[in-house]
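K.L.:
Give the three-dimensional model of this entry:
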Amino acid sequence: MPAILLITGIFCIVGVPGFEPGTLCSQSRYANRTALHPVDFSIGCKSNAFFVPCKFFSIIFAEKLINTTPLAGIYIHIPFCKSRCTYCDFYSCTDLSLREKLLQSICTELINEKSYLENETIDTLYFGGGTPSLLHEADFSAIFAALAIHYNLSNCREITLEANPDDLTEDYLAMLRRFPFNRISIGVQSMRNEELRLINRRHTAEQAIRSVARCRAAGFENISVDLIYGYPSQRIDEFIYSLDNLLKMNVKHISAYHLTYEKDTVLYQQLQRGEICEITEELSVEMYRQLVKKLAEKGFKQYEISNFAQAGYESQHNSSYWNGSKYLGVGPSAHSYNGVSRRWNMSNITAYIESVNGKSEFREIENLSESDRYNDFIITTLRTSKGASLKYLQKNFSETMLDFCLKNADKHLKNKLLKIEKNYLKFTSKGIVLSDTVLADLFLV
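P.N.:
Model (predicted):
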């Protein structure tokens, strides 16, 4: 099959999870998103041209999924949601009438931007949003067809789909198995129905349990779930109940984020009107400590501030962000990074569709200065358990940058918030809960 020769290796990302200056532990979803896209930190297309039988791609990609060193990635943002969560300030849209036109435009952008990563091998592919599990079989066929023809995917080892629990029916999962997906990330958020209703989630705790069981029955072993803690007036026993029941699912990966109140969200407005109350900082710290302790007891390694995995099940896609790998972001509001600049697409579906088809410019670009690159390096690497390589800092930046970093880290080293191990600067367990303060001191402004 000649088409196979066109597939030789690239890293694709679909949807982005996100350092938040005012949030404890940099634990919020916004914090994670900003670590992926530091510019945010302020101190189903049915076209016959793209449709290819799903089984064809399953064969191609399944045969090509082998281990390799991460080199580049592609992020595809699917902004559609059936309903909007009250805490969410990510770009999304509940009007699905433009789904087909959007998918056509996403495929067009993939084709138009095929030179962005300069033919580097793609290691992971990630579908996020929004709710990518609202896509149909023909939509996935179109996207994978465009990728197969224009990108080198032979070494793509991780292909993730973000999904809502209530979308993961037996029929939907059977359809997904006809594609090369090998990782499912499920937005569980809580195991208490009262909390799910508060944030306007569509599913129940019982549906979340069934969705994980269905994924496993369908053959998906690499399953990740998201958990939010720090709900309004949440007690420590309520959080532990949610965490304990999440652990009973025996998933391989857990991402845990502290709830934040972002402006222009329903939750923020409720807080401003006095309808809900934030939990105290002391309680937030205790929840985080319980989270780390309980997950460690169950064999989960904390490899990043908000992410925990069983051995061998770390998110390769998100790790590439923290390791400074290049990535192409496709779709409305998606961000891209090529080592020398960042760019981001407009957050408007209609304008995005029009602009992709040549009617207007649809993205902004920021060329990175050395201080920008230094700040990116600090904010991403220090989030990880590995930490920031002082050798890399010395080799890739001017000597003044290393001096600045060590000088400003000195008081935190003495206070045991930071430590240096094997020439890596990293947080101590004490320092993680004060990470925002430490990071602010290390930034070059």
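
K.L.:
Just the helices from the stretch 201-350 of the chain, written as ranges.
P.N.:
With helices called from DSSP state H, counting those that start in this stretch, the stretch 201-350 of the chain shows them at 205-217, 236-247, 266-272, 281-297, 316-322, 349-356.

K.L.:
quick check: angle from the fourth one to helix 236-247?
P.N.:
It stands for helix 281-297. Helix 281-297 and helix 236-247 are oriented at 30 degrees to each other (axes from the mean of the first three to the mean of the last three Cα atoms, to 10 degrees).

K.L.:
If you count neighbours, what's buried in helix 281-297?
P.N.:
By 16 or more other Cβ atoms under 10 Å, the buried positions in helix 281-297 come out as Leu283, Ser284, Met287, Tyr288, Leu291, Val292, Lys294, Leu295. Where C-beta positions appear, they are placed from N, C-alpha and C, glycine not excepted.

K.L.:
Deepest in the core, which of the helices of the stretch 201-350 of the chain is it.
P.N.:
The highest mean neighbour count among those, using mean count of other Cβ atoms under 10 Å, belongs to helix 316-322: a mean of 25.

K.L.:
returning to what we had before: closest to Met401 out of the helices of the stretch 201-350 of the chain?
P.N.:
Ranking the helices of the stretch 201-350 of the chain by proximity to Met401 (Cβ to Cβ) places helix 316-322 first, at 19.0 Å.

K.L.:
Would you mind writing the CA trace of that closest one as CSV?
P.N.:
Taking C-alpha atoms only, helix 316-322 is exported to CSV below (Å, rounded to 0.1, in the frame of the first residue of the first chain):
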residue,chain,number,x,y,z
GLN,A,316,3.9,11.4,26.6
HIS,A,317,2.0,14.2,25.0
ASN,A,318,1.9,16.6,27.9
SER,A,319,5.4,15.7,28.9
SER,A,320,6.6,17.0,25.5
TYR,A,321,5.2,20.5,26.5
TRP,A,322,7.2,20.4,29.7
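
K.L.:
Now do that helix: distance to the chain's middle.
P.N.:
8 Å (Cα atoms, centre = their mean, to the nearest Å).

K.L.:
do the same with stretch 251-270
P.N.:
Stretch 251-270 sits 14 Å away from the centroid of its parent chain (Cα atoms, centre = their mean).

K.L.:
quick one: terminal-to-terminal distance for it?
P.N.:
Its start and end residues considered, stretch 251-270 measures 33 Å (Cα to Cα, to the nearest Å).

K.L.:
which element is Leu161 on?
P.N.:
Taking DSSP states H and E as the criterion, Leu161 maps to strand 158-163.

K.L.:
That strand to helix 205-217, inter-axis angle?
P.N.:
150 degrees.

K.L.:
continuing past strand 158-163, what's the next helix or strand?
P.N.:
helix 170-176.

K.L.:
Check which helices and strands that following helix sits against.
P.N.:
Counting by 3 or more Cβ pairs under 8 Å, 6 or more residues apart in numbering; DSSP states H and E, the packing neighbours recorded for helix 170-176 are helix 205-217.

K.L.:
Go ahead and name everything in contact with the helix it packs on.
P.N.:
If you take Cβ atoms under 8 Å, 6 or more residues apart in numbering as the criterion, helix 205-217 is touched by 163, 165-166, 168-170, 173, 184, 186, 188, 190-193, 196, 203, 223, 225, 245, 249, 251.

K.L.:
quick one, domains of the protein?
P.N.:
Per the record, the chain has its domains at 2-321, 369-445, by automatic domain parsing.
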